[in-house]
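*Asks:* Following is a predicted model, sequence given first.
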Amino acid sequence: MIRYTLKCDQGHDFEAWFRNSATYDDQASAGEVRCPDCGSVKVSKALMAPAVARGRSSAPVVNTPQPPAPAPESGDARVHYAGKVREMLVEMRRHIESNADYVGNKFADEARKIHTGEAEERSIYGEATEDEAEALKDEGIEFGQIPWVPKDDA
């Protein structure tokens with residue numbers, strides 16, 4: 001695995017891991033590498049110092065992580081990280097909506113039916129009250145609660 005420091009055409013810096021340099025090249029040329037802040041696919045490798053292994057007689061090379069850059073006084077660092085989180089939540093919502101059945105406020109009932117075999121096993125999403133979620137947990141029914149990005153943002 002290789003970690004690259006990347007920069008988009010809007011000036012956002014971020015890091016990403018790739019299997020090797022050819023994987024990065026393939027994904028970048030296909031437009032699959034996107035800035036988590038603005039979504040731009042115009043991404044390039046930023047300057048970085050690679051770790052180079054030395055001969056056996058030398059001391060081992062330790063790749064020490066660099067401390068984060070100081071936050072700008074304007075508060076832009078918070079916006080930068082909030083943008084990354086929002087982008088991930090938008091992608092998660094799109095994935096769930098594309099790959100699961102929406103069951104609305106009948107989520108708890110449908111989760112029970114799937115758990116007991118009364119309904120076909122499939123991915124579902126919907127709404128449940130706090131009491132319904134607690135009851136599902138007590139019954140040993142696995143589910144996840146996620147922060148939902150409003151539909152107009154997704």
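*Replies:* Great, that's in hand. Numbers count the residues shown, from 1 in each chain.

*Asks:* Touching, residue 31 and residue 41? I think so.
*Replies:* Yes. Taking contacts as CB atoms under 8 Å, residue 31 lies within contact range of residue 41: 4.3 Å. Backbone N, C-alpha and C define where each C-beta goes, glycine included.

*Asks:* Tell me which of these two has more neighbours.
*Replies:* Set residue 31 next to residue 41 and count neighbours by other CB atoms under 10 Å: residue 41 wins out with 14 against 10.

*Asks:* tell me the contacts of that one?
*Replies:* 31-35 (CB atoms under 8 Å, 6 or more residues apart in numbering).

*Asks:* And the residues you listed, which is closest to residue 18?
*Replies:* Nearest to residue 18 out of these is residue 33 (CB to CB; 8.8 Å).

*Asks:* quick one on the thing from earlier: out of the contacts of residue 41, which one sits closest to residue 148?
*Replies:* Looking across these and measuring by CB to CB, the closest to residue 148 is residue 34, at 21.7 Å.

*Asks:* That closest one - that's part of a helix, no?
*Replies:* No. Looking at residue 34 with DSSP: H, G, I helix; E, B strand; the rest coil, it is coil, so not inside a helix.

*Asks:* tell me the contacts of it?
*Replies:* 40-41, 43.

*Asks:* which residue sits closest to the most centrally placed residue in the chain, ignoring its sequence neighbours?
*Replies:* Ranked by distance to the mean C-alpha position of the chain (CA atoms, centre = their mean), the top residue is residue 88 at 4.6 Å. Distances taken as CB to CB, 6 or more residues apart in numbering place residue 36 nearest to residue 88, at 7.3 Å, with adjacent residues excluded.

*Asks:* which residues does residue 4 form a beta bridge with?
*Replies:* Beta-bridge partners for residue 4, by DSSP bridges, are residue 16.
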